[in-house]
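Engineer: pasting a predicted model and its sequence here:
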Amino acid sequence: MVARLESRAEEMALAAAVYRAERKEGLHQAEARVEYAQAAANRQDRLYRDGLVSKESWEESQTAQYLAQQSLLAALEDDRLAEIDAKRLGEQLDRRELVSPFAGVVVKRYLDPGELVSRTGQSTVISLACLDPLEVRVIAPLGLWGQVAVDDVVPVVPQLPVEGAWRGRVVAIDRVIDAASGTFEVLLELENGDQILPAGIHCTVEFPRH
């Protein structure tokens, strides 16, 4: 995560939703009422069959059991909705975090803490540079057209103070030639897991002849 939008109201709403989702008192009470009503209905059923209670009393026990079961269903639904609401608010809060799509470094910060960002999502907050893999953009002369292929591995020699040569892999070749300069662009990818190479330095590349 590289930044987070002001989220105090969303955090409070999420905390309240999580509290409601974790509270089970209403559900437990509904379960207890069902258990009690079931036992009472069974008792009234036996007494009714033995002729010891009136049909009206038996019907009341059956109704009480039905109403208790409906209350339990409503409590289960409320519990499920509370969990869904907590999940929804959690996802909304997550969307207020700006997460980098890659491991890199901050090159430039365009906004300071407390500044407003566009609700349309068009505000630029920071600029990042990816250090692994490095992207090497080569302006190749027209004479190499057709001599470079995707997946070619070529030596890349950075300028000083970095010494040595690294292996870059061709990942894309621009299909449009710049007629004015007689060049085209080749994109290389260079593994830099130990991040010895800094981004932004000039380098030379030697392509093999096919």
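Structural biologist: Everything's here; your move.

Engineer: what residues does the helix or strand hosting R46 touch?
Structural biologist: Assessed by DSSP states H and E, R46 sits inside helix 25-49. In this structure, residues lying in contact with helix 25-49 by CB atoms under 8 Å, 6 or more residues apart in numbering are 53, 55, 57-58, 60-62, 64-65, 67-69, 71-72, 74-76, 78-79. Every C-beta, even on glycine, is put in place using the N, C-alpha and C of the backbone.

Engineer: what's the answer for stretch 184-191, then?
Structural biologist: Residues from elsewhere that reach stretch 184-191 (CB under 8 Å, 6+ apart): 132-140, 142, 145, 148, 154, 156, 166-174, 176-178, 197, 205, 207.

Engineer: among the residues you listed, which ones are buried?
Structural biologist: Buried residues within the contacts of stretch 184-191, counting neighbours by 16 or more other CB atoms under 10 Å: 133-134, 136, 138, 140, 148, 154, 156, 166, 168-170, 173, 197, 205, 207.

Engineer: strands - which of the residues you listed land there?
Structural biologist: Among the buried ones among the contacts of stretch 184-191, the residues falling in strands (DSSP state E) are 134, 136, 138, 140, 154, 156, 166, 168-170, 173, 205.

Engineer: farthest-apart pair in those residues, please.
Structural biologist: Greatest spatial distance in those: W166 and I173, 19.7 Å, computed using CB to CB.

Engineer: burial check on I126, number of neighbours?
Structural biologist: Burial measure for I126: 14 neighbouring residues, criterion other CB atoms under 10 Å.

Engineer: run through the bridge partners of it.
Structural biologist: Per DSSP bridges, the residues bridged to I126 are R109.

Engineer: how about the one 10 residues further on?
Structural biologist: In this structure, V136 bridges to L188 when assessed by DSSP bridges.

Engineer: following the helix or strand bottoming out on mean pLDDT in the chain, which helix or strand shows up next?
Structural biologist: Lowest on mean pLDDT, DSSP states H and E among the helices and strands of the chain sits strand 3-4, with a mean of 68. Toward the C-terminus, strand 3-4 is succeeded by helix 8-22 as the next helix or strand (DSSP H and E).

Engineer: helix or strand next in line after the longest helix along the chain, which one?
Structural biologist: In the chain, assigned by DSSP state H, the helix with the most residues is helix 55-94. Note on helix 55-94: by DSSP H and E, the next helix or strand toward the C-terminus is strand 97-98.

Engineer: just how off-centre is that following strand within its chain?
Structural biologist: In terms of CA atoms, centre = their mean, to the nearest Å, the gap separating the centre of strand 97-98 from the centre of its chain is 10 Å.

Engineer: is the nearest residue to I177 once chain neighbours are set aside in a helix, a strand, or coil?
Structural biologist: In this structure, I177 finds its nearest non-sequential neighbour in F184, 4.8 Å apart by CB to CB, 6 or more residues apart in numbering. Look at F184: counting by DSSP: H, G, I helix; E, B strand; the rest coil, its state is strand.

Engineer: kind regards, and thank you for your time.
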